[in-house]
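1. Fold the following, please.
(chains A and B)
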Amino acid sequence: MRLTIGEVRDRAMILDCLNRYAQGVDQRNWPLYESAFTADAAVEVIGYLNHTVTPIEFRDLLCGTFDATRLSGQHFLGNTLFEIDGDTAHTVTEFMAVTLEHAGEPGAAARQITAALYIDDLTRVADGWKIARRTLVRKSSNEDALPFADPFAAAIEATLKTGWPLAPYTQDQTLDTL
Amino acid sequence: MTLSDTDLIDRAEITDALVAYCHAQDQNEWALYEAVFTPDATVAFAGMNMPDMTAAALRDFLVKHNETRISGQHLVGNTLFELDGDRARVVSEVIYITLHPTAAAADLVKRVRGNALYVDAFVRSANGWRIRHRSIAQKNVEIDEGNYDPALLAAIRQGAETRWFQTQPAITA
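-> Next comes the predicted model:
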């Protein structure tokens, strides 16, 4: 059946929401991350968490597990398939995450490349869409060691201190004002 | 030239077909494969040791190939659209990784990682936009082996066996 321009607009707003989560996690912009979820949202990770957690609990888990050694991260999204039904939507999205961490010895970093799926139930809100339930399914996860010495190490670490996006997201803002 | 609403709808429907192909082969959602190609579609391979074949033959090949796989991801991006009435030429980059068991040990897996290009000739059919001819051009491929934590492997297999789409099929053929 032919899509309508309204459905195309809904898809764009859903992608905004998925991208807010990814940018929030990768740039450690937690207001942006939180703006992707409904107040009562649930997050589960197959084979990693044996129960669902709230977005705040998941944020604290990510920070507590990774931030002491974290250098950088990129969750690259694609292949989103949409099933939109009125004010609810179900999407399945692939992502490839590349993260870099201190390896515990000078001059070395640990790189992890993970291929995985996000399966999301979304809800329409006043100004877009938010995730009500997210399931994360890992497909592969490969680690290797990289040489990590100056000047590259200092340059990458400096990116963590820039504070971008510049301002936390609020419901009144559009992304291009960040 | 500004894109019209119709252009945006066409692009979204073409993207649906591109994405349906990936989810079909990566999640074994073969109903989605029916929303990708015209009945007479053909597929050619460059940089791979594979003969040209029909889209139906490729489906059969992929179904069998996936029986040797633990998981797979074909991530599509950078899509360029050239629409011309009821035809479109669409070129997309793809980055892929697949995981396979080895005979040597349960926790030793083979990894295939590569980059490729999908070059697609689309036509507008009564059922929507469909690929009539696809060329897959391999750009690079790396094959190696690595050890996996058994608990992670179990989680990956559990995820691979779960059906993640609400409706069957998600896209009408």
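
2. okay, and for chain B, where does confidence drop off?
-> Per-residue confidence for chain B (pLDDT under 70) gives these ranges: B:1, B:167-173.

3. and residue B:145, what is it in contact with?
-> B:102, B:104, B:108, B:109, B:110, B:111 (C-beta atoms under 8 Å, 6 or more residues apart in numbering or on different chains). For the C-beta atoms, the positions are set from N, CA and C on the backbone; glycine is no exception.

4. Between the residues you listed, which sits nearest chain A?
-> Among the contacts of residue B:145, residue B:111 lies closest to chain A (C-beta to the nearest C-beta), at 6.4 Å.

5. So which bits of chain A are right by chain B?
-> Residues of chain A that fall close to chain B, judged by C-beta under 8 Å from any C-beta of the partner chain: A:1-5, A:7-8, A:11, A:46-48, A:76, A:78-81, A:83, A:90, A:92, A:94-96, A:113, A:115-117, A:119, A:135, A:137-142.

6. Among these, which lie within strands?
-> Filtering the residues of chain A next to chain B for membership in strands, criterion DSSP state E, returns A:76, A:78-81, A:83, A:90, A:92, A:94-96, A:113, A:115-117, A:119, A:135, A:137-142.

7. Drop anything exposed from the residues you listed.
-> Buried residues within those, defined by neighbour count using 16 or more other C-beta atoms under 10 Å in any protein chain shown: A:78-81, A:90, A:92, A:94-96, A:113, A:115-117, A:119, A:135, A:137-142.

8. Taking chain B, what residue is nearest to chain A?
-> Using C-beta to the nearest C-beta, the single residue of chain B nearest to chain A is residue B:155, 2.2 Å away.

9. Give me the three-state assignment for that residue.
-> Secondary structure state of residue B:155, per DSSP: H, G, I helix; E, B strand; the rest coil, is helix.

10. same thing with residue A:99?
-> With three-state DSSP as the basis, the three-state label of residue A:99 is strand.

11. Could you double-check that it sits in contact with residue A:70?
-> Yes - in this structure residue A:99 lies within contact range of residue A:70 using C-beta atoms under 8 Å: 7.2 Å.

12. Nearest the geometric middle of the chain, what residue?
-> Reading this off chain A. residue A:22 (2.5 Å; C-alpha atoms, centre = their mean).

13. The intended chain is chain B.
-> Here the mean C-alpha position of chain B is nearest to the C-alpha of residue B:22 (C-alpha atoms, centre = their mean), at a distance of 2.8 Å.

14. Look up phi and psi at that one.
-> Backbone geometry at residue B:22, expressed as degrees, to the nearest 10, gives phi -70, psi -50.

15. out of everything not next to it in sequence, what's closest to the residue of chain A found nearest chain B?
-> Closest contact between chain A and chain B, by C-beta to the nearest C-beta, is at residue A:47 (2.2 Å). Counting by C-beta to C-beta, 6 or more residues apart in numbering or on different chains, the nearest residue to residue A:47 once its immediate chain neighbours are dropped is residue B:155, at 2.2 Å.

16. what about that neighbour, neighbour count?
-> Around residue B:155 sit 19 other residues, with neighbours defined as other C-beta atoms under 10 Å in any protein chain shown.

17. ok, it - contacts?
-> When contacts are counted by C-beta under 8 Å, 6+ apart, residue B:155 touches A:46, A:47, A:48, A:138.

18. Buried ones among those residues?
-> Taking 16+ other C-beta under 10 Å as the criterion, what is buried in these is A:46, A:47, A:138.

19. Format the residues you listed as JSON lines; extra columns: distance to residue A:66.
-> Compiled in JSON lines, the buried ones among the contacts of residue B:155 are given as follows (distance: C-beta to C-beta, whole Å):
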{"residue": "A:46", "distance to residue A:66": "19"}
{"residue": "A:47", "distance to residue A:66": "18"}
{"residue": "A:138", "distance to residue A:66": "15"}
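
20. picking up where we left off before, please report which of the contacts of residue B:145 has the highest neighbour count.
-> Ranked by neighbours (other C-beta under 10 Å), the contacts of residue B:145 are led by residue B:109, which has 23 neighbours.

21. Could you list every helix and strand that the helix or strand harbouring that one packs against?
-> Take DSSP states H and E as the rule and residue B:109 turns out to sit in strand B:108-125. Other helices and strands packing on strand B:108-125, by 3 or more C-beta pairs under 8 Å, 6 or more residues apart in numbering or on different chains; DSSP states H and E, are helix B:5-27, strand B:87-101, strand B:128-147.

22. Now it: buried residues?
-> B:109, B:110, B:111, B:113, B:114, B:116, B:117, B:118, B:120, B:121, B:122, B:124.

23. ok so, going back, would you mind putting the buried ones among the contacts of residue B:155 into JSON lines with pLDDT alongside?
-> Supplementary listing: the buried ones among the contacts of residue B:155 in JSON lines, determined by pLDDT from 0 to 100:
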{"residue": "A:46", "pLDDT": "93"}
{"residue": "A:47", "pLDDT": "90"}
{"residue": "A:138", "pLDDT": "97"}
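
24. Just give me the neighbour total for residue 131.
-> If you meant another chain, say so; for now it's chain A. 24.

25. look at chain B instead
-> Neighbours of residue B:131 under the rule other C-beta under 10 Å: 23.

26. quick one, what contacts it?
-> B:17, B:21, B:36, B:37, B:38, B:41, B:55, B:120, B:121, B:122.

27. What separation is there between it and residue B:62?
-> 15 Å (C-beta to C-beta, to the nearest Å).

28. what's the closest non-adjacent residue to residue 79?
-> I'll assume chain A. Nearest to residue A:79 is residue A:94, by C-beta to C-beta, 6+ apart, at 4.2 Å.

29. To clarify, I was referring to chain B.
-> Taking C-beta to C-beta, 6+ apart, and ignoring the residues beside it in sequence, residue B:79 has residue B:92 as its nearest neighbour in space, at 4.4 Å.
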